[in-house]
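Return a 3D structure for these sequence lines:
(3 chains)
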Amino acid sequence: MTTALEKTLFDELEQLVLIDPHTHINPLSAPSETLADILGYHYYTELAHSAGLEKSQIEEEGLDPKTKVGRLIEKLADLDNTIQVSWLLEICREFFDFQDDRITTDNWEALYDTAQQKFAQEGWEQHVLQHSKLEKVFLTNDFDDPLEGFDTNVYIPCLRTDDLVFHFLKKSVRNRLNEASGIEVGDATTFREAIGKLFSKFVEKNVKACAISIPPSFSPAKVDAGAAAAVIKRTIRGQRLTSAEQEMLSSFVFWTIAEHCQEHKLPFDLMIGVNRRVYESGVYQGQDLFDKRVSLIQYQQLFNAFPDVTFPISVLGSTSNQELVSYAWIFPNVVTNGHWWYSNIPTYIELDTRSRLEAVPRNKQVGYYSDMYKLEFALPKFRMYRQTLARVLASDFVEKRGWSEEQALSLGKQVLRGNVESIFKV
Amino acid sequence: MTTALEKTLFDELEQLVLIDPHTHINPLSAPSETLADILGYHYYTELAHSAGLEKSQIEEEGLDPKTKVGRLIEKLADLDNTIQVSWLLEICREFFDFQDDRITTDNWEALYDTAQQKFAQEGWEQHVLQHSKLEKVFLTNDFDDPLEGFDTNVYIPCLRTDDLVFHFLKKSVRNRLNEASGIEVGDATTFREAIGKLFSKFVEKNVKACAISIPPSFSPAKVDAGAAAAVIKRTIRGQRLTSAEQEMLSSFVFWTIAEHCQEHKLPFDLMIGVNRRVYESGVYQGQDLFDKRVSLIQYQQLFNAFPDVTFPISVLGSTSNQELVSYAWIFPNVVTNGHWWYSNIPTYIELDTRSRLEAVPRNKQVGYYSDMYKLEFALPKFRMYRQTLARVLASDFVEKRGWSEEQALSLGKQVLRGNVESIFKV
Amino acid sequence: MTTALEKTLFDELEQLVLIDPHTHINPLSAPSETLADILGYHYYTELAHSAGLEKSQIEEEGLDPKTKVGRLIEKLADLDNTIQVSWLLEICREFFDFQDDRITTDNWEALYDTAQQKFAQEGWEQHVLQHSKLEKVFLTNDFDDPLEGFDTNVYIPCLRTDDLVFHFLKKSVRNRLNEASGIEVGDATTFREAIGKLFSKFVEKNVKACAISIPPSFSPAKVDAGAAAAVIKRTIRGQRLTSAEQEMLSSFVFWTIAEHCQEHKLPFDLMIGVNRRVYESGVYQGQDLFDKRVSLIQYQQLFNAFPDVTFPISVLGSTSNQELVSYAWIFPNVVTNGHWWYSNIPTYIELDTRSRLEAVPRNKQVGYYSDMYKLEFALPKFRMYRQTLARVLASDFVEKRGWSEEQALSLGKQVLRGNVESIFKV
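Numbering: from 1, shown residues only, chains lettered A, B, ... in the order given. This next block holds a predicted model:
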């Protein structure tokens, strides 16, 4: 049952203005433009596809937004149990005056049209930010993102490095690096210089973190300088690498990035455990899954080698949470970071939150990030987290441990916002 | 605490008439004949043995049923905390007029005798089915089961394929296949024909699913036709296979069965994760355990290769549940199926149910099956599930998400029964 | 919410006088001597270090106790959410008349001084034992511990075997064995004799268990006698061993110890899953972590080979708990043992306790041990467990299964104390 105490704590937490420490927002087009931007979020397209909607119905070329929404709505009844659809309802209620308890084939068109009017209103972006109590929003930027045309104090750059670490074999990626850095990479030395250039540029643009998502099999290791030089040369020359060499290449790039994080005192967000393209015929962004047989012991060498780099860590599987709790409890440079993707549902958020609050120093926990692509999603996602957090604070701290409401709230605010400020220096 | 809402939902769910989608019932002898059939369920024999009863006491040759029950009862006090013993009590109360709160060395003989009278009553089987609200019951049939002598509309055949996939090296299994199919298997072509014959025969007999239990190490892969032909030939000739060849043989048989599931539009139940004969001196059926280091990524190729085959999946360890939730959320052909064996206790049922209801489309979840060997077990096992389901619906849907009781009940009924009908087309 | 029933059960459980079946108490100096003994517990030093306190601040040579406490207190505010700090507060309230709700830089000196007065009181050790309701306390003894100078009926010896199994390659360990056993170990035969001598000596001193902590990679196997003889010889000669030979050596030593446990009918506590020195720059005892990719299947051969040896098993990760439950449910010689280290927090204790009480015979569960280094910690740690146990008994047994309070209490007392007596024969 929801207790009065839980409700009080939730209401207080709802007042807190936030900094969202990880999103995929495009700062040049932050809010949605049609309801298709919202229903087109991969959660809805992949769930609708999983429930039986043909991919071709969703990704048909030239499909207009309203038709796309109409098709997805037809499958919504099969998904209405999911927490993701509860986010959708919450968005429609908070932003589009929706009042029914379900979105159906009967009422969606009116909803679509109301939403269109809202999107077209002057100042919609500001309205969404304010109504969602969002002060700042971290981005996910390609290494060659120009970072132009927006206020980097509100939309804070974060250097995403997956392409460099895992796709440097691709000529297109190497060309992008050459162009973005202004350096013709020919060997390990020029490679390092090019990475340095990227960091300098991002630092000028107020970057506050570096980030990467990592498959379960990866285990970063320091690569011997000679071996690194050789493998970089072979890569540049377009020679085929063995899988051991490819791993060495990834490790070398990863290590080089970690060194630059150290130099620039940037936290390095590790999002550990995703296998890409597991379901190859899946919808866009709905193809990735995981292998739970991954351990943070794979990062032992890294955590020891970079004591001055803070690693905010997200794990894809809840079965990895206890390792994360334990590593954050022992390693000064390991920080727990949010509830990622397949773990971002209340069942797992609650378990993971309880254990973190019980065993990780309170200054080392980033409670939540939205991971959103469109601004409207911050509100329901953070609300889901705030409800869970309020429940855990009420039960585990006030009721069981005799804390005052103020003490519990102060802990809640620290993991929701305070630590984002102190850990990312924002 | 059990809330009034939970109680209301439970009472409603208790009214629902069920189709049990996985059991080991022998349709020619479905109910128990003595209390030894009930106390002889491996849960009681293995727990009693684990608690200290010698295997020889339980499996002595020529042991009469009443003596066997008496011996097991002596150990019952050490097991009365287990949920399995709570099923036993529930059976005795519901079917044998038992009214004490424990079964003891003092009261068991009266119970035994009452049970004997009940079993001997005319129409006991119908009584158990009706009182348990069971309309149809899926079976587990050997591939050479004659499927004769019972109503396949009530006792629905399910083709069990463990022997074919994992024991085709045994001459006895190959002989059984030859006989059951009427085809002398000599190569890959005749093997495929023989499998085809089995499927045709089962389809004639109203088969509604194919099923298999799988060790944690297995990862099915498509085998090259030439290699398959060679390995089948070596097998038929009785030649020794390397362990790589044995794996190839299992993969080839498995793949062939999946192809026939596709042809006949039969769901293929995968029960993933059991190691057989881990405790070799254990009692009958009480020797199997698991290795939690298993991942659904091992089925990536299979799920991609057979988009038209529905795979209802059971996992043995609760640590595999989040993978199951995530794979069912992404792959259209992956369905969650019940709470299997070592995960079939309320602690894990509750966690697993909560996460499934939060993240898997509602039309892709088979809530529960009894896995029973004797009819009397459906009632307490389904009741345990209905209690947990009622709790989750009350808490997560009505209280936290504001659903009406009707909406919550409708979700409960769908996972309990509706999806069994739609997924198994029964 | 804490219900009245929960409170009643807790109050009753609090009355129970205990035998603590695993600690690191030094019986010659069992209680703390200064508050630095309490704040110096690795939980506080490692958490303070994790939260940002330099190791040099904590482990400075010649640091006096009061200064050390003062430095740790400065970091306490960052850790006050942890359950470990709640133990500290409870100790201060129960033993040192502390009444504030936090220990701060303002009030710690008065606390320090009060504690000093208490420690200096006559009979402090007896007071702590009585106030904590501790009747007997198991120790952790090096194999060459003289076991002199204390009452082995209160402080019960336990033979710890990590050094022998995992460090027999070290000359210092071999010398210690020669000295402790009075046998010059030169081959497998004399090795076995030396181990026999240790056991005889420990048995004379009232030893009640053998114990070992084990890395996740270890899988004990019976070693062929010839191979064992060879590897022991090479070891004694100081020759370098391959990693396969090292594993064989560890397996041989382990197996030999298990054989002696069998001979002397001693339980063999296995504490499975710890990797040592993962964070090499960590504080003393704050360097160990785990790799959750471990399975009890690694112990299949052991459990089958020693049916007469009881193995009380602790797992480091909660993700291993279901395996433990299942193995204890099947193997007569596997017993669940407490909540170890990284799993010793209420979130995991609750989950693990619920599943154990639901599926493991009640006579095969050792509920809890303190793992303490100083006597004062038994009270808050056991209290944490008793609270969780009371909650689970109230909810799962009285409310959901209709047990009487007496029946639930009797189960609670059995796992808290009764089984310690019967399993360790104490």
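
Any buried residues in stretch A:133-149, and which?
A:L134, A:K136, A:V137, A:F138, A:L139, A:T140, A:N141, A:F143, A:D144, A:D145, A:L147 (16 or more other C-beta atoms under 10 Å in any protein chain shown). All C-beta spots, glycine's among them, are computed from the backbone N, C-alpha and C.

Relative to chain B, which residue of the stretch 101-250 of chain A is the closest?
Going by C-beta to the nearest C-beta, chain B is nearest to A:D101 of the stretch 101-250 of chain A, at 7.7 Å.

Name the SS class of that residue, please.
Under DSSP: H, G, I helix; E, B strand; the rest coil, A:D101 falls in the coil class.

can you give me the strands for chain A?
Here chain A has its strands, by DSSP state E, at A:18-20, A:134-138, A:155-156, A:158-160, A:209-214, A:268-272, A:274-275, A:289-290, A:311-315, A:334-337, A:365-366.

what would those look like in a markdown table with distance to chain B and mean pLDDT?
Putting the strands of chain A into a markdown table (distance: least, C-beta to the nearest C-beta, whole Å; pLDDT from 0 to 100) gives the following:
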| stretch | distance to chain B | mean pLDDT |
| --- | --- | --- |
| strand A:18-20 | 22 | 98 |
| strand A:134-138 | 24 | 98 |
| strand A:155-156 | 30 | 98 |
| strand A:158-160 | 23 | 98 |
| strand A:209-214 | 15 | 98 |
| strand A:268-272 | 15 | 98 |
| strand A:274-275 | 6 | 97 |
| strand A:289-290 | 6 | 98 |
| strand A:311-315 | 11 | 98 |
| strand A:334-337 | 18 | 98 |
| strand A:365-366 | 21 | 98 |
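
Would you format the ones you listed as JSON lines with distance to chain C included?
JSON lines is the format used below for the strands of chain A (distance: least, C-beta to the nearest C-beta, whole Å):
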{"stretch": "strand A:18-20", "distance to chain C": "20"}
{"stretch": "strand A:134-138", "distance to chain C": "23"}
{"stretch": "strand A:155-156", "distance to chain C": "24"}
{"stretch": "strand A:158-160", "distance to chain C": "24"}
{"stretch": "strand A:209-214", "distance to chain C": "17"}
{"stretch": "strand A:268-272", "distance to chain C": "13"}
{"stretch": "strand A:274-275", "distance to chain C": "16"}
{"stretch": "strand A:289-290", "distance to chain C": "14"}
{"stretch": "strand A:311-315", "distance to chain C": "11"}
{"stretch": "strand A:334-337", "distance to chain C": "8"}
{"stretch": "strand A:365-366", "distance to chain C": "9"}
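
got the CA positions of stretch A:287-296 in PDB?
Output of stretch A:287-296 as PDB, limited to C-alpha atoms (Å, rounded to 0.1, in the frame of the first residue of the first chain):
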ATOM      1  CA  GLN A 287      17.600  -5.100 -31.900                       C
ATOM      2  CA  ASP A 288      19.900  -5.000 -28.900                       C
ATOM      3  CA  LEU A 289      19.900  -7.500 -26.000                       C
ATOM      4  CA  PHE A 290      22.300  -8.800 -23.400                       C
ATOM      5  CA  ASP A 291      24.200 -11.700 -22.100                       C
ATOM      6  CA  LYS A 292      24.100 -11.600 -18.300                       C
ATOM      7  CA  ARG A 293      27.400 -13.500 -18.100                       C
ATOM      8  CA  VAL A 294      29.500 -10.300 -17.600                       C
ATOM      9  CA  SER A 295      31.400  -9.200 -14.500                       C
ATOM     10  CA  LEU A 296      32.900  -6.000 -13.300                       C
END
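
got the contact list for it?
Residues outside stretch A:287-296 that contact it (C-beta atoms under 8 Å, 6 or more residues apart in numbering or on different chains): A:216-217, A:272-280, A:313, A:316-317, A:319-320, A:323-324, A:327, A:342, B:293, B:295-297, B:300, B:319-320, B:322-323, B:326-327, B:330, C:289, C:291-293.

Same check on stretch A:411-424?
So stretch A:411-424 is contacted by A:9, A:12-13, A:16-19, A:21, A:138, A:208-209, A:267, A:310, A:312, A:335, A:357, A:362-368, A:385-386, A:389-390, A:393, A:397, A:403, A:426, C:81 (C-beta under 8 Å, 6+ apart).

Let's see the distance spanning it from one end to the other.
18 Å (C-alpha to C-alpha, to the nearest Å).

next one: stretch A:364-377
25 Å.

Roughly how far does the residue of chain A found nearest chain B sit from C:V154?
When scored by C-beta to the nearest C-beta, chain A has A:A51 as its residue closest to chain B, at 3.8 Å. From A:A51 across to C:V154, the span is 64 Å (C-beta to C-beta, to the nearest Å).

the more surrounded of the two?
With neighbours defined as other C-beta atoms under 10 Å in any protein chain shown, A:A51 and C:V154 compare such that A:A51 has more, 20 against 15.

these two touch, right, the more buried one and B:N363?
Yes - if you go by C-beta atoms under 8 Å, A:A51 and B:N363 touch, sitting 5.8 Å apart.

Please enumerate the shared neighbours of these two.
Common neighbours of A:A51 and B:N363 (C-beta under 8 Å, 6+ apart) are A:D78.

For the stretch 251-400 of chain A, just list every one of the helices.
Assigned by DSSP state H, counting those that start in this stretch, the helices in the stretch 251-400 of chain A fall at A:300-305, A:321-330, A:346-359, A:378-392.

got TSV for these, with distance to A:E94, mean neighbour count and mean pLDDT too?
Putting the helices of the stretch 251-400 of chain A into TSV (distance: least, C-beta to C-beta, whole Å; neighbours: other C-beta atoms under 10 Å in any protein chain shown; pLDDT from 0 to 100) gives the following:
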stretch	distance to A:E94	mean neighbour count	mean pLDDT
helix A:300-305	41	18	98
helix A:321-330	30	25	98
helix A:346-359	19	24	98
helix A:378-392	6	23	98
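
Include distance to B:T105 when you put the ones you listed into TSV, please.
Putting the helices of the stretch 251-400 of chain A into TSV (distance: least, C-beta to C-beta, whole Å) gives the following:
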stretch	distance to B:T105
helix A:300-305	56
helix A:321-330	43
helix A:346-359	42
helix A:378-392	46
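
C:Y284: which of those is closest?
Comparing the helices of the stretch 251-400 of chain A against C:Y284 with C-beta to C-beta, the closest turns out to be helix A:321-330 (12.6 Å).

Minimum distance to chain C, which residue of the stretch 101-250 of chain A gives it?
A:P216 (10.6 Å).

Next: the stretch 51-200 of chain A.
Closest point on the stretch 51-200 of chain A to chain C, by C-beta to the nearest C-beta, is A:I83, at 21.0 Å.

sorry, back to before: quick one: the helices of the stretch 251-400 of chain A as TSV, columns for distance to chain B too.
As requested, these are arranged in TSV below (distance: least, C-beta to the nearest C-beta, whole Å):
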stretch	distance to chain B
helix A:300-305	19
helix A:321-330	10
helix A:346-359	4
helix A:378-392	7
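
before we move on, back to that, mind checking which of the contacts of stretch A:411-424 are buried?
Applying 16+ other C-beta under 10 Å to the contacts of stretch A:411-424 flags A:9, A:12-13, A:18-19, A:21, A:138, A:208-209, A:267, A:310, A:312, A:335, A:357, A:362-368, A:385-386, A:389-390, A:393, A:397, A:403, A:426, C:81 as buried.
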